[in-house]
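Student: The sequence and its predicted three-dimensional model are supplied below.
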Amino acid sequence: MFSTMAKKFRLSKSFFAGSSSGPRRLSKVAKGKGIAKSLDVDMERDLILDDMTPEDFESDWVLPPRLAKARVAAEAKFRELFDSAYEPWEEVRGNWDHSDSEGMDVEDREFPTPSCGCFSASTNFILGNLHGLMLLCRHVRRLRPVVWELCPTTLVPWFLLVVLLQSLRLTVAFLLVARGHLVGLYGLKDLSCRRLVLMSWGGVWGCDTPLVGVPDLRSPSYMEVVEEIPSSPSSCVTDSSASDHHKLSVEDSPSDGVEDGFQDSALGPRNLRAKRIVALWRYRMEDCDSAFLRHSSAQKRMKVYDVFDVAGVGVVMFSVRIYCLSCILGVEVTIRSWQVLCTRLTMANPEHPRLIIHDFLSLDLCKELEFIHKSCGTVGYRLNVFSTTLSHLIATNCGHLIMPFVPIRERLKEKAEEFFGCEFELFVEFTGLISWSTGASIGWHSDDNRPYLKQRDFAVIMGLLNIFCTLIFICYLNSHGEDFEGGLFHFQDWQPTAIVPMAGDVVMYTADSRNIHSVDEITGGERLTLTLWFSRDGSHDEDAKLISFLSEKQLSHSIHETGSFLPQPASSRMYWFPPDTAFTYESGFDICFARIHAHGYDLYSVQDTSCFSASDSSNDLSEVLMAPLRLAREHELFDEEFVNVLHVLQAVQFYCWKASELQTSGHEKRINVVPLSPSEREEVNRLKHVFLKDERVPDKLFSSATGNEHSQQPFNWAHVSAAVTAWEAYSNKLVKEMLLSLPYWKTHQSIFSVPSDLGK
Ligand SMILES: O=C(O)CCC(=O)C(=O)O
Ligand SMILES: [Fe+2]
């Protein structure tokens, strides 16, 4: 019968691995009854978790490729957990074997008092389950059909099998696969909560709604459930204990014998967070589509023993006694089940709603945005801060440069909506590239200090995201230690306390006082981020404003017009640093000029500038940079004219971005470079004196922590010329894409990625 079932459900060999205690028991019982044989379970290979070594983690899991990176991170985490837990585990096993021979109750055997090691016995239990899951992971392809076949037609035989196994007191592990993705307990951080899967008997019933995952946080009943559980500040575990071992609660061992009723009290003096995770889970169960679960008394008979944080995933250990057949057969059968559930800790922490996603943006995309910022940015809102907003791009005839932002905004919005369970409800309020140079920092603050947000005293609280609450996304576009020094991000409360900015990573948090944060002073280089604000308040939708601005601009341009991508600088004051000296230009410098200079170039004005002096505060001064210019380097003058300083800057930054590609492209276009004549050299120096003053200051502000990005590459004017051509092609392509998208954006009053086949 078992082999037929095994075939029918395509059970993998590892199917029964699932907990540290389960396999041992399974091993004992199954050997005796020949179950192992008929199911082709290789006890030694698949079930004896005690013998696993860290190397087992390196086995080749079958995961969707996009999860491969997350898997590597998870493996590292596991190795860490495993290493520190291995010794205590041995100890626990000793206790366990002893109590086994005394014939103690199963529960006593499973949960001896915490070992004196840094991990309690129950941690080992969890780790055992994780091992089991990892074994299961190897068979994901085979497991996937199990899950699909179970839903819902094969429910009854499956159910009977579970009852049978459970009544033999075997721990059965289930692995659910949601939407074709395997999700383990090992913290696949970039997975959406909707795809989060729990390991529990809940999956057996084939309910479409995952038991754990995103509850509808707007649902008042969720909040009620959460609020119902009293918080006890004295029970909060301190950060340090949590961060020590990724364990949220380190207190009491289970009090044996408590089995009926949902035992809030069984949590003992656990921390509020643990309670909320449980509350969330319990709510989820109540809300479950499965009639079976609703009618069963499962939720009332759940006892929670421990809650852990394993690589960003909350793991809840609980036991359930359900009289599961009562509603079907009228017979009461007790199922004891020790299972592990998981849920996103972040979801269950309404005190500090935040999310950290690693490698969200590709490095290529980071570089592209860096190019945009460094070639279009203006002096920012605070000292040593520079910014590029989307409306500024449009204002300077670079509206096409918003195209690379479009898919990123979409993906981030999706992430936020998923996280807060509010699909189609978020609006982008602000998108901008922001860089901080040496000396910039910000102390503890929350981001909701804008006057219009302060007036929203009567905001309706809906779940974690207050309707007027702004969500902040910070995407790091370059890396600490490589591109800049200092600049670590800190949250005042709760984990993570510090974030080391690395290119591609994203941190998301609500702008209110639940997420007070700070940024350390930048001590070298330039730290660059893409910052987005999201809100549920449609009146602050950035898209509508951008679309109308773009439409206005489009009226004054036609796609056929040559050079429709050429930048037009804004007022020269926006590029003068520090901003308070922009009225006289007597001190400070022009940031566009400075960035060009930081790459080793000088500028030569085609106009005669002999009448200007460094202290000239007339508007004429700034006009020099709005007029045609040429590039010079050392003793050479490049014989190509740029329409203005932004044009030069875009070409130079594009060269910087694409230097390695241009080196190898074998560009053989004839270029014309002439030696600088003495009068031209004088002109070049004059401009430098006017727009840069003391060149050491700007060079310090704009050089990367480790020197110029492409200083290692041999300089070649031919590559500069190739960069100009490539930049034109790049700009043209974006202009076309933008013009094709704009009608759709206008119709929907929303900026989104228009599929290319639609745009034709
Ligand atoms: O760049 C960051 O990491 C955060 C910046 C910040 O907190 C702010 O500008 O308010
Ligand atoms: Fe902030």
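Tutor: Sure thing, it's come through. Ligands and ions are numbered 1, 2, ... in the order given.
Student: give me the low-pLDDT residue ranges for the protein?
Tutor: Counting by pLDDT under 70, the chain has low-confidence residues at 1-351, 418, 420-425, 449-468, 556-563, 583, 608-621, 663-669, 704-713, 757-760.
Student: Up against ligand 1, what does it have?
Tutor: Ile442, Asp447, Ile474, Phe489, His517, Val519, Thr529 (C-beta under 6 Å from any ligand atom). Heads up, the C-betas are built off the backbone N, CA and C, glycines and all.
Student: which of those count as buried?
Tutor: Asp447, Ile474, Phe489, His517, Val519, Thr529 (16 or more other C-beta atoms under 10 Å).
Student: nearest to Asp364, of these?
Tutor: Among those, Thr529 lies closest to Asp364 (C-beta to C-beta), at 17.1 Å.
Student: residues contacting that closest one?
Tutor: Going by C-beta atoms under 8 Å, 6 or more residues apart in numbering, Thr529 touches Leu433, Ile434, Ser435, Ile474, Cys475, Tyr476, Leu477, Pro501.
Student: One more: Phe654?
Tutor: Phe371, Ser375, Ala723, Val724, Ala726, Trp727, Tyr730.
Student: filter those residues to the buried ones?
Tutor: Of those, these count as buried by 16+ other C-beta under 10 Å: Phe371, Ser375, Ala723, Val724, Ala726, Trp727, Tyr730.
Student: so which strand or helix has the first one?
Tutor: Under the criterion DSSP states H and E, the helix or strand holding Phe371 is helix 363-376.
Student: Partner strands of whatever helix or strand comes next after that helix and their direction?
Tutor: With elements assigned by DSSP H and E, the helix or strand that comes after helix 363-376 is strand 378-379. Strand pairing for strand 378-379, determined by DSSP bridges: strand 385-389 (antiparallel).
Student: coming back round to it: now, which of the contacts of Thr529 sits nearest ligand 1?
Tutor: Ligand 1 lies nearest to Ile474 out of the contacts of Thr529, by C-beta to the nearest ligand atom, at 4.6 Å.
Student: In the stretch 401-550 of the chain, what residue spans correspond to strands?
Tutor: Applying DSSP state E, counting those that start in this stretch to the stretch 401-550 of the chain gives strands spanning 427-437, 442-445, 470-476, 484-486, 489-491, 498-499, 506-510, 517-519, 522-535.
Student: Now do the same contact list for Gln653.
Tutor: Phe371, Lys374, Ser375, Arg595.
Student: Any figure for the gap between the nearest residue to it once chain neighbours are set aside and ligand 1?
Tutor: Closest residue in space to Gln653, ignoring its immediate chain neighbours: Ser375 at 4.0 Å, by C-beta to C-beta, 6 or more residues apart in numbering. Remark: distance between Ser375 and ligand 1 (C-beta to the nearest ligand atom, to the nearest Å) = 21 Å.
Student: Touching, Ser375 and Val648? I think so.
Tutor: No. Ser375 is beyond contact range of Val648, at 9.4 Å (criterion: C-beta atoms under 8 Å).
Student: circling back to that earlier point, show me the contact partners of the helix holding Phe371.
Tutor: Under the contact criterion C-beta under 8 Å, 6+ apart, helix 363-376 has outside partners 386, 388, 392-393, 396, 398, 401, 404-405, 408, 433, 435, 476-478, 503-504, 528, 530, 567, 595, 646, 649-650, 652-654, 656-657.
Student: Mind doing that once more with 7 Å?
Tutor: Identification of contacts with helix 363-376 by C-beta atoms under 7 Å, 6 or more residues apart in numbering yields 388, 393, 396, 398, 401, 404, 408, 433, 435, 477-478, 503-504, 528, 530, 595, 649-650, 653-654, 657.
Student: Any buried residues in that helix, and which?
Tutor: Leu365, Cys366, Lys367, Glu368, Leu369, Glu370, Phe371, Ile372, His373, Lys374, Ser375, Cys376.
Student: re earlier: want to try JSON lines for the buried ones among the residues of the chain next to ligand 1, with distance to Gln749 as columns?
Tutor: Shown next, in JSON lines, are those (distance: C-beta to C-beta, whole Å):
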{"residue": "Asp447", "distance to Gln749": "26"}
{"residue": "Ile474", "distance to Gln749": "27"}
{"residue": "Phe489", "distance to Gln749": "34"}
{"residue": "His517", "distance to Gln749": "33"}
{"residue": "Val519", "distance to Gln749": "34"}
{"residue": "Thr529", "distance to Gln749": "28"}
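Student: Sort out which one of the residues of the chain next to ligand 1 lies nearest Val674 for me.
Tutor: Closest approach to Val674 among the residues of the chain next to ligand 1 (C-beta to C-beta): Thr529, at 41.3 Å.
Student: For that closest one, name its beta-bridge partners.
Tutor: Ile434, Tyr476.
Student: quick revisit: which one of the residues of the chain next to ligand 1 is nearest to Glu636?
Tutor: Nearest member of those to Glu636, counting by C-beta to C-beta, is Thr529, at 36.4 Å.
Student: residue contacts, Phe504?
Tutor: Check again: residue 504 is Gly, not Phe. Asp359, Phe360, Leu361, Ser362, Leu363, Cys366, Tyr476.
Student: host element of the first one?
Tutor: Taking DSSP H and E as the definition, Asp359 sits outside all helices and strands.
Student: Any chance you could give me stretch 575-590 in CSV, C-alpha atoms only?
Tutor: Taking C-alpha atoms only, stretch 575-590 is exported to CSV below (Å, rounded to 0.1, in the frame of the first residue of the first chain):
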residue,chain,number,x,y,z
TYR,A,575,25.3,73.8,-9.8
TRP,A,576,27.2,76.1,-7.6
PHE,A,577,28.7,74.7,-4.4
PRO,A,578,28.3,75.6,-1.6
PRO,A,579,24.9,77.0,-2.5
ASP,A,580,25.1,80.1,-0.3
THR,A,581,28.0,81.4,-2.4
ALA,A,582,26.0,81.1,-5.6
PHE,A,583,24.9,84.8,-5.5
THR,A,584,28.4,86.2,-5.9
TYR,A,585,30.4,83.3,-7.3
GLU,A,586,33.3,84.7,-5.3
SER,A,587,34.1,81.4,-3.6
GLY,A,588,33.0,77.9,-4.2
PHE,A,589,32.9,76.1,-7.5
ASP,A,590,30.7,74.8,-10.3
